[in-house]
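> Build me a model from this:
(2 chains)
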There are 2 protein chains.
Amino acid sequence: MPLKQTNSIPDIVIGRLPLYLRALTRLQQEGREVTSSHELGRKLGISSAQIRKDLSHFGGFGKQGTGYQIEYLVNKLRTVMQVNQEWHVALVGAGNLGSAILHYRGFADRGFRIAWVFDSDPAKIGAHIGGLTVQPLEELAQTIKENQAKLAMIAVPAEHAQSVANMLVEAGVQAILNYAPININVPDHVMVQYIDPVVHLQHMTFYLKD
Amino acid sequence: MPLKQTNSIPDIVIGRLPLYLRALTRLQQEGREVTSSHELGRKLGISSAQIRKDLSHFGGFGKQGTGYQIEYLVNKLRTVMQVNQEWHVALVGAGNLGSAILHYRGFADRGFRIAWVFDSDPAKIGAHIGGLTVQPLEELAQTIKENQAKLAMIAVPAEHAQSVANMLVEAGVQAILNYAPININVPDHVMVQYIDPVVHLQHMTFYLKD
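Numbering: from 1, shown residues only, chains lettered A, B, ... in the order given. Predicted coordinates:
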């Protein structure tokens, strides 16, 4: 999804940085210290030339023939993407999807912590899920403002996604990850990205031979 | 993610078709009969010129000035993406994420039905989730072969994703939607797309002013 251009690096390059970080972090977990653009390329299905070009935007990371120092590159990418800190994320929606998000263990060591969860359903408010207590939607604005939260995820039914987005924007959120299967409209200064499994499945069925 | 090129239409265009279909279906649900490239563009954050160009690959859908007949265009897109039929999808992983996927109601009327779910955890095998019974992983190969299933979703921990992918490919699956936060390697004839919320969040934090 297109985002703001705040500098001269193309957004499509920025979108690949998290993939590089993910692959490098995994190599690091395997105890590896050095890698190459060729190895990364094989793992990611991206050409090694593209990887070298992408990374060159952020400085010289590897000398020709000596490869990349994984720890250095991981730290550099974390700094570039500002995930060398922990972002507190607000989640709206505590249904099946919201619960799965709350139980997902992949956020913590990658720069994010779900810090608040909101729902409008009286049956869910007050419930404890994944270490958090579900707050009423009425508390969203004040909680986000008081904590200056900048990131939120929407995991509510499609018909409520726009009104929730409006509340988030009004409260000061600057980036939204929307799981509801509908495009939402936000002001230019707010970023939105989407997660919709059916979009990916339909993309692939185009190519399938039945 | 790059996919096969089976014809002359760029993959990036194919990747936008599900977004068009989603927006058009919603307009249809609102009782609308006609729309325009301008209206679609506003809803999707894509230029109207781009939309007209994308759709022109598939025939003439609208006369200049009269707009698009929504029902006709919906049916055409469903045919082009082959979702005018129901694809049966195999799901591997019946944990929190797998359960959320099984409860997700957005698949059915968009061309997909989760028909089988597998897990290796004895505590989960036999459980009933979202209308299905969790099958042991040992039954995966035979079930997929017997039913000639072509689509699968992976919702297992990262460390098991590659071995599950290998089993799926061996059984004949041609398209995989991978929720595990790791790139998987598959033969060229198999398509893979990824869902990883952290990739989207990190893409946005690059632009955030802390």
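
> Could you list the buried residues of the longest helix anywhere in chain A?
When chain A is scanned for its longest helix (criterion: DSSP state H), the result is helix A:11-29. Residues of helix A:11-29 classed as buried: A:14-27 (neighbour count, 16 or more other C-beta atoms under 10 Å in any protein chain shown). Where you see a C-beta, it was placed from the backbone N, CA and C, and this is true even at glycine.

> List just the nearest of those residues to A:V89.
Closest approach between the buried residues of helix A:11-29 and A:V89, by C-beta to C-beta: A:P18, at 15.3 Å.

> Which residues does the host helix or strand of A:R42 contact?
Assigned by DSSP states H and E, A:R42 belongs to helix A:37-44. Contact with helix A:37-44 is made by A:19-20, A:23-24, A:46-52, A:55, A:62, A:68, B:183, B:185, as judged by C-beta atoms under 8 Å, 6 or more residues apart in numbering or on different chains.

> pLDDT on it, on average?
Here helix A:37-44 scores 91 as its mean pLDDT.

> following the lowest-mean-pLDDT helix or strand in chain A, which helix or strand comes up?
None of the helices or strands of chain A scores lower by mean pLDDT, DSSP states H and E than strand A:62-63, at a mean of 60. Moving toward the C-terminus from strand A:62-63, the next helix or strand (DSSP H and E) is strand A:67-69.

> What strands flank that next one, and is each parallel or antiparallel?
strand A:34-35 (antiparallel), strand A:62-63 (antiparallel) (DSSP bridges).

> Next, the angle helix A:37-44 makes with the helix or strand following it.
Next helix or strand after strand A:67-69 toward the C-terminus (DSSP H and E): helix A:70-80. Helix A:70-80 and helix A:37-44 are oriented at 70 degrees to each other (axes from the mean of the first three to the mean of the last three C-alpha atoms, to 10 degrees).

> List the buried residues in helix A:70-80.
Buried-residue list, helix A:70-80, by 16+ other C-beta under 10 Å: A:I70, A:L73, A:V74, A:K76, A:L77, A:R78, A:V80.

> Can you tell me which helices and strands it packs against?
Applying 3 or more C-beta pairs under 8 Å, 6 or more residues apart in numbering or on different chains; DSSP states H and E, we find helix A:70-80 packed against helix A:11-29.

> could you point out which element follows the strand ranked longest in chain A?
Looking across chain A with DSSP state E, the single longest strand is strand A:112-119. Per DSSP H and E, the first helix or strand lying C-terminal to strand A:112-119 is strand A:128-129.

> Parallel or antiparallel, list what pairs with that next one.
Applying DSSP bridges, one finds strand A:128-129 paired with strand A:132-136 (antiparallel).

> and the strand it pairs with, which residues are buried?
Residues A:V134, A:Q135 are the ones in strand A:132-136 that count as buried (16+ other C-beta under 10 Å).

> Spell out which helix or strand contains the spatially most central residue of chain A, please.
Nearest to the geometric centre of chain A sits A:L177, at 7.1 Å (C-alpha atoms, centre = their mean). Here A:L177 sits within strand A:175-178, counting by DSSP H and E.

> What mean pLDDT does that strand get?
98.

> following that strand, which helix or strand comes up?
Next in sequence after strand A:175-178, counting helices and strands by DSSP H and E, comes strand A:191-194.

> Look at A:E159 and tell me its secondary structure.
Three-state call for A:E159 (DSSP: H, G, I helix; E, B strand; the rest coil): helix.

> how many neighbours does it have?
Using other C-beta atoms under 10 Å in any protein chain shown, the number of residues around A:E159 comes to 11.

> Return the distance of it relative to A:E170.
19 Å (C-beta to C-beta, to the nearest Å).

> okay, now the domains of chain A?
When chain A is parsed with automatic domain parsing, its domains come out as A:11-80, A:87-199.

> can you give me the end-to-end distance of stretch A:30-49?
25 Å (C-alpha to C-alpha, to the nearest Å).

> ok, now stretch A:147-164?
End-to-end for stretch A:147-164, by C-alpha to C-alpha: 18 Å.

> is chain B contacted by it?
Yes - Stretch A:147-164 is in contact with chain B by C-beta under 8 Å from any C-beta of the partner chain, via A:K150, A:L151, A:M153, A:A158.

> Surely A:I129 touches A:N96?
No - using C-beta atoms under 8 Å, A:I129 makes no contact with A:N96, being 11.0 Å away.

> which intervals of chain A have sub-threshold pLDDT?
Scanning chain A for pLDDT under 70 picks out the ranges A:1-7, A:60-65, A:210.

> how about a cut-off of 50?
Where chain A drops to pLDDT under 50, the residues are A:1-6.

> Quick check: phi and psi on the residue lying closest to A:A115 once chain neighbours are set aside?
Once flanking residues are discounted, A:A115 sits nearest to A:H88: 3.8 Å by C-beta to C-beta, 6 or more residues apart in numbering or on different chains. Main-chain torsions, A:H88, degrees, to the nearest 10: phi -90, psi 130.

> what sits against A:H88?
Counting by C-beta under 8 Å, 6+ apart, A:H88 touches A:R113, A:I114, A:A115, A:W116, A:N147, A:A149, A:L151.

> closest to chain B among those?
Closest to chain B out of the contacts of A:H88 is A:L151 (6.6 Å), distances taken as C-beta to the nearest C-beta.

> In contact with the closest one, which residues are there?
Here A:L151 is in contact with A:87-90, A:112, A:173-177, B:201, B:204-205, B:208 (criterion: C-beta under 8 Å, 6+ apart).

> what helix or strand is the closest residue to A:E170 other than its chain neighbours on?
Excluding its sequence neighbours, the residue lying closest to A:E170 (C-beta to C-beta, 6+ apart) is A:A141, at 6.7 Å. Counting by DSSP H and E, the element that carries A:A141 is helix A:140-147.

> what's the distance between that helix and the middle of its chain?
The gap between where helix A:140-147 is centred and where its chain is centred comes out at 21 Å by C-alpha atoms, centre = their mean, to the nearest Å.

> Now the spatially closest residue to A:R78 that is not a sequence neighbour: phi and psi?
In this structure, A:R78 finds its nearest non-sequential neighbour in A:N84, 4.3 Å apart by C-beta to C-beta, 6+ apart. Dihedral pair for A:N84: phi -80, psi 10, per degrees, to the nearest 10.

> Many thanks, I have nothing further to ask.
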